[in-house]
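J.: Generate coordinates for the sequence data below:
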Amino acid sequence: MIEIERKFLVKSDKYRSDAFKVQLLSQAYLNNNPDKSVRIRIVDNEGFITIKGPSNDGGFSRFEWEKKIPFDEAVELMKLCGDQLILKKRYFVKHNKIILEVVNETLWRSANFKKKVFCKTQQNNLRS
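T.: Numbering: from 1, shown residues only. Below is the predicted model of the structure:
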């Protein structure tokens, strides 16, 4: 499957009040480099493993394979990822005929962390 995704800079927090759904998730990477990455994610007490290939088309698309895995296996695999855990709060906002995902992300590394906020939409969220 090819993932097509666009990201945008978020300049205000209005998305919080406009969201029709909010989702919490945690993730970590078993392997993360520009050519390929293996991600473990927990969303709503469900586990997922995702493999992503290198970016194509100027960074706008890439191969992505994702499979649901048992929650307890996801937890054990996340333990293999070391001290890097990413916590996200995903806000789903409808804008015209497009569903935007505004992501508030915190990267934890031991006692240090950094935050970023961005907005993204995937090709399957674009409606004609």
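
J.: Ala74: which element?
T.: Here Ala74, judged by DSSP states H and E, is contained in helix 71-79.

J.: What helices and strands are in contact with that helix?
T.: If you count contacts as 3 or more C-beta pairs under 8 Å, 6 or more residues apart in numbering; DSSP states H and E, helix 71-79 packs onto strand 21-32, strand 37-43, strand 46-56. Any C-beta I mention is one placed from the backbone N, CA and C, and that applies to glycine too.

J.: Tell me which of those strands lies nearest to Leu80.
T.: Between Leu80 and those, the tightest spacing by C-beta to C-beta is seen for strand 21-32, at 6.2 Å.

J.: Parallel or antiparallel, list what pairs with that closest one.
T.: strand 37-43 (antiparallel), strand 84-95 (antiparallel) (DSSP bridges).

J.: low pLDDT regions in this structure?
T.: Where the chain drops to pLDDT under 70, the residues are 1, 3-5, 57, 59, 105-128.

J.: Could I get the phi/psi values of the closest residue in space to Ser55 that isn't next to it in sequence?
T.: In this structure, Ser55 finds its nearest non-sequential neighbour in Arg62, 4.7 Å apart by C-beta to C-beta, 6 or more residues apart in numbering. Per-residue torsions, Arg62: phi -170, psi 160 (degrees, to the nearest 10).

J.: residues in contact with Arg62?
T.: Taking C-beta atoms under 8 Å, 6 or more residues apart in numbering, we find Arg62 in contact with Ile2, Glu3, Lys52, Gly53, Pro54, Ser55, Asn56.
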